[in-house]
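> Model the following, please.
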Amino acid sequence: MRYQEEVFEQPLGGVTGLEKARPRERLLLQGAGRLSDLDLAALIIGSGIKGNSVDKIAEKLVQILDQTSAPVIEVQAVRAIPGIGAAKAAQICAALEYARRRLRPAENRIRFPQDLLPVIRHYADRRREHFLSISLNGAHEVISVRVVSIGSVNRTIVHPREVFCEPLQDRATAVLAAHNHPSGNVDPSDEDREITVRLRQAGETLGISLLDHIIFTQNSYYSFLEHGAL
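A predicted model of the protein is given here:
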């Protein structure tokens, strides 16, 4: 399967009271989307230390993030910043990892089944089956990942309406279905094959293509498309 930053004019009369407000107050009034990377980093860090303000620490953190091409930042790199100890470094890395998992930047473009694995693999260690619906835009970039059903150790029950409900709201052009197998065996069951057929048929009716159904564990995966079963 081969599946400008906004500029605001400054009002006459100079800087407004809102612009001089602290990042927390501006976030509460305007939303997180209006804050700069530096402001957001300062909010996550929370406070500085004597001789090293929170703004200086935030600036260093942003510099490290800008220079990091890997999807996950190493905790050692964060701890190396003066003013950030072990607890704060753990908090920052946890926040960044949670955002990476949940918000799914557009760089997550799905060309092959294995491209999806870094996006969903954190569900592989769940003790019960989690059925996921992944919305894609026309460029096959990930819009969202949602858990639509949680089942037992070896079975989950899902209906096509649950899989396609949110992608319809996302105005997605394609969907990927995926679920983990806690047993460690990625071979599809009869139920897995049945739901794949039903999802494909539902997608054809709705005009949202089912690109693939992937069964995954921490170390392996099964793609219905790759095996000619879709």
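
> From now on I want contacts and neighbour counts done on CA atoms only, so please keep to that.
OK.

> Can you tell me the element residue 148 falls in?
Assigned by DSSP states H and E, residue 148 belongs to strand 142-150.

> Would you tell me what the next helix or strand after that strand is?
With elements assigned by DSSP H and E, the helix or strand that comes after strand 142-150 is helix 160-170.

> if you average pLDDT over the next helix or strand after that following helix, what comes out?
Note on helix 160-170: by DSSP H and E, the next helix or strand toward the C-terminus is strand 174-180. Per-residue pLDDT over strand 174-180 has a mean of 96.

> Just give the strands next to strand 174-180 in its sheet, each with its orientation.
The pairing partners recorded for strand 174-180 under DSSP bridges are strand 130-136 (antiparallel), strand 209-216 (parallel).

> Just name the most buried of these.
Neighbour counts (mean count of other Cα atoms under 10 Å) averaged over each of the strands paired with strand 174-180 peak at strand 130-136, with a mean of 26.

> how distant is it from the center of its chain?
Here strand 130-136 is found 12 Å from its chain centre; the criterion is Cα atoms, centre = their mean, to the nearest Å.

> Pipe the strands paired with strand 174-180 into JSON lines and attach mean pLDDT per row.
Listed next are those as JSON lines, based on pLDDT from 0 to 100:
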{"stretch": "strand 130-136", "mean pLDDT": "93"}
{"stretch": "strand 209-216", "mean pLDDT": "96"}
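
> possible to save these as CSV with distance to residue 229?
Shown next, in CSV, are the strands paired with strand 174-180 (distance: least, Cα to Cα, whole Å):
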stretch, distance to residue 229
strand 130-136, 19
strand 209-216, 9
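
> Select, out of these, the one closest to residue 189.
Using Cα to Cα as the measure, strand 209-216 is the one of the strands paired with strand 174-180 that comes nearest residue 189, at 10.2 Å.

> what's the following helix or strand after the closest one?
As assigned by DSSP H and E, the chain's next helix or strand after strand 209-216 is strand 221-223.

> Check which helices and strands the strand holding residue 148 sits against.
helix 86-103, strand 130-136, helix 160-170 (3 or more Cα pairs under 8 Å, 6 or more residues apart in numbering; DSSP states H and E).

> give me the element the closest residue to residue 55 other than its chain neighbours is part of.
Leaving aside its sequence neighbours, residue 55 sits nearest to residue 42 (Cα to Cα, 6 or more residues apart in numbering; 6.0 Å). Using DSSP H and E, residue 42 falls within helix 37-45.

> Kindly report the same for residue 194.
Element membership for residue 194 (DSSP H and E) is helix 190-206.

> Let me know the angle separating that helix from helix 160-170.
Angle, helix 190-206 to helix 160-170, by axes from the mean of the first three to the mean of the last three Cα atoms, to 10 degrees: 40 degrees.

> Can you give the contact residues for helix 190-206?
Applying Cα atoms under 8 Å, 6 or more residues apart in numbering, the contact partners of helix 190-206 are 158-160, 164, 209-210, 213, 230.

> Ok, stretch 218-227 next?
Contacts with stretch 218-227, where a contact means Cα under 8 Å, 6+ apart, come from 1, 113, 121, 124-125, 184, 186-188, 211-216, 230.
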